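> dropping the sequence and predicted coords here.
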Amino acid sequence: MKRYQNLLMIFGVALLVALPLWLRQKPAPAPAGKEVALFRGTDDQATDVISRIAPGYRPWFKPLIEAPSGETGSLLFALQAALGTGFIGYYLGVSTTRARIRRETDREARC
C-alpha cells in the first residue's frame, strides 16, 4: 500500500508541474513581429522598463563572463537551487539524527 501511495504522490507532483506548462497559452506576437517569450526573467523585464523610462541609459559596467545562452543561465540557477536544497536537507537530516540519538541516550541514562 505504501508503495502505491508514493507512486501516486510522485505522479501528482509531476502533474502539478506539467499541467500549468501545458495549459499555458502562447501570447500574441509583439507589434514589431517579434515572438514573445513565455517565461522571461525579471532581469529582462527590468531592462525593458529602463529602456522605456530612460532610452539613453548606459549600464555602469559589463559582466565579466557572458553566458553563451539563456539555457546556461537557467542551468546555473537550477544548480544553485539544487545545491542549496541539498545543504538544507543535509542539515535537517543531521540535526534530526542528533536529536534522536540524544533522546535515546537520555532515555538509557534514566533507566
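Nice, I can see it. Numbers count the residues shown, from 1 in each chain.

> Phe77: how many residues sit nearby?
11 (other CB atoms under 10 Å). (Each C-beta comes from the backbone N, C-alpha and C, glycine too.)

> quick one: it and Thr42, what's the gap?
Note on Phe77: its distance to Thr42, by CB to CB, to the nearest Å, is 12 Å.

> what separates the helix or strand Ala81 falls within from the chain centre, distance-wise?
Ala81 is part of helix 70-110, with elements assigned from DSSP states H and E. Helix 70-110 sits 18 Å away from the centroid of its parent chain (CA atoms, centre = their mean, to the nearest Å).

> and it, average pLDDT?
Mean pLDDT, helix 70-110: 91.

> report all helices and strands that it contacts.
Applying 3 or more CB pairs under 8 Å, 6 or more residues apart in numbering; DSSP states H and E, we find helix 70-110 packed against no helix or strand.

> could I get the contacting residues of Tyr57?
Applying CB atoms under 8 Å, 6 or more residues apart in numbering to Tyr57 gives the contacts Ile50, Ser51.
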